[in-house]
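Need a 3D model of the sequence below.
(one chain, ligands or ions: 2)
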Amino acid sequence: MLENVVLITGAAQRVGLAAAKQLAQSDYPVVITYRTYKSGVDELKKLGVTCVQADFSTTGGIDAFNAWVKKHVSSLRAVVHNASAWQAENKSQISADILRKMYQIHVETPYLINLTLEPLLKAGNQLADIIHITDYTVEKGSDKHIAYCASKAALDNLTLSFAKRFAPEIKVNTIAPSLIVFNPEDDPEYREKTLKKSALGVEPGEQEVVNAIEFILNSGYMTGRQLKLDGGRHLI
Ligand SMILES: NC(=O)C1=CN([C@@H]2O[C@H](COP(=O)(O)OP(=O)(O)OC[C@H]3O[C@@H](n4cnc5c(N)ncnc54)[C@H](OP(=O)(O)O)[C@@H]3O)[C@@H](O)[C@H]2O)C=CC1
Ligand SMILES: Nc1nc2c(c(=O)[nH]1)N=C([C@H](O)[C@@H](O)CO)CN2
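Ligands and ions are numbered 1, 2, ... in the order given. Now for the predicted structure:
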């Protein structure tokens, strides 16, 4: 059985991969989930990270993952809810499907994992952490990612409820980033426009979120709060 595990969802690439690598190299026992195989999975296995294939698109997929954790893990140090899909509304077709998909990954998945794995978070006899990764747009809305933003707002609200429910054994906090790292398909015009949205005007990279995760893990007195990593977007 694995003990004192840091669990990171959706960590085969980008932010989750960077966090898993750094925490594994800091001697935390790390378990990650991935939906689609990426080369990052092999990188993590070489660092001793346990990589579990999990698709949270259905309740059955979430339940199957929770069952795996309960079978193989005796205690959890932290759960980082990183898995996410950044999907915009279809301009030509109105459908509630996107709302259900965003809710599934950003709300139902953290909700069921937190409630199911609470005993393992309390089994370590040390202060444990749940971290929800949301988005800066929770505080202002988004005209192009309406369902995404609404689901991230719900995730931010879960932070308050779970922080109340799980204190004092478990801290529950939000990391709310704006631009962290562009996607390969982002064109120069989009990149230039996006960089101008913040006061600092930079693409910080994944390490910015990794640093925030480590800050929260090392804090003994923060719960039900947000760390906003947004380059001063609110100032523009
Ligand atoms: N990147 C940025 O600039 C910003 C990121 N954030 C937030 O930070 C976090 C990390 O961002 P980033 O690294 O870009 O994330 P990604 O967009 O790279 O997504 C991370 C992983 O989530 C997985 N995932 C998506 N849907 C599901 C599902 N239904 N079941 C299982 N896994 C799933 C994806 O798997 P698959 O590869 O199979 O699709 C993907 O590998 C996210 O929560 C994001 O919303 C917030 C603001 C800005
Ligand atoms: N799951 C994801 N969420 C978000 C991403 C991403 O790539 N995956 N990217 C962004 C943007 O960087 C945005 O913050 C700036 O354009 C937002 N969320």
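
The spatially most central residue of the chain and ligand 1: what is the separation?
Nearest to the mean C-alpha position of the chain, counting by C-alpha atoms, centre = their mean, stands residue 82 at 1.8 Å. Residue 82 sits 5 Å away from ligand 1, going by C-beta to the nearest ligand atom, to the nearest Å. The way it works is simple: take the backbone N, C-alpha and C, and place the C-beta from them, glycine included.

what are the ranges of the helices in the protein?
Secondary structure of the chain (DSSP state H): helices located at 14-25, 39-46, 59-72, 97-103, 109-122, 146-166, 188-195, 207-218.

circling back to that earlier point, give me the neighbour count for the residue nearest to the residue nearest to the centre of the chain when sequence neighbours are not counted.
Spatial nearest neighbour of residue 82, excluding adjacent residues (C-beta to C-beta, 6 or more residues apart in numbering): residue 16 at 4.3 Å. With neighbours defined by other C-beta atoms under 10 Å, the count for residue 16 comes to 26.

contacting residues around residue 16?
By C-beta atoms under 8 Å, 6 or more residues apart in numbering, residue 16 lies in contact with 8, 9, 10, 32, 80, 82, 83.

Now do the same for the closest residue in space to residue 225 that isn't next to it in sequence: its pLDDT.
Nearest non-adjacent residue to residue 225, counting by C-beta to C-beta, 6+ apart: residue 173, 5.4 Å away. For residue 173, the model assigns a pLDDT of 99.

what's the answer for the one 5 residues further on, then?
Turning to residue 178, the model gives it a pLDDT of 98.

Scan this structure for its longest strand.
In the chain, taking DSSP state E as the definition, the longest strand is strand 170-177.

residues touching the closest residue in space to residue 81 that isn't next to it in sequence, list them.
What sits nearest to residue 81 in space, not counting adjacent residues and going by C-beta to C-beta, 6+ apart, is residue 110, at 4.4 Å. Residues in contact with residue 110 (C-beta under 8 Å, 6+ apart) are 81, 130, 132, 155, 158.

wait, the last one sits on residue 134?
This points to residue 158. No - the pair residue 158 / residue 134 is not scored as a contact, 9.5 Å apart, by C-beta atoms under 8 Å.

more neighbours, the two?
residue 134 (26 against 20).

ok, that one to ligand 2 distance?
From residue 134 to ligand 2 the distance is 9 Å (C-beta to the nearest ligand atom).

wait, what's in contact with that residue?
152, 153, 155, 156, 174, 175, 176, 226.

picking that back up, adding mean pLDDT and distance to residue 2, write the helices of the chain out as CSV.
Shown next, in CSV, are the helices of the chain (pLDDT from 0 to 100; distance: least, C-beta to C-beta, whole Å):
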stretch, mean pLDDT, distance to residue 2
helix 14-25, 98, 13
helix 39-46, 98, 14
helix 59-72, 98, 6
helix 97-103, 98, 30
helix 109-122, 98, 10
helix 146-166, 98, 21
helix 188-195, 98, 39
helix 207-218, 98, 17
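
right, and those - which one's nearest residue 1?
Of all the helices of the chain, helix 59-72 sits nearest to residue 1, with 6.4 Å by C-beta to C-beta.

gap between the residue nearest to residue 224 when sequence neighbours are not counted and ligand 2?
In space, residue 224 comes closest to residue 163 once its chain neighbours are excluded; the distance is 3.4 Å by C-beta to C-beta, 6+ apart. Per C-beta to the nearest ligand atom, residue 163 is found 23 Å from ligand 2.
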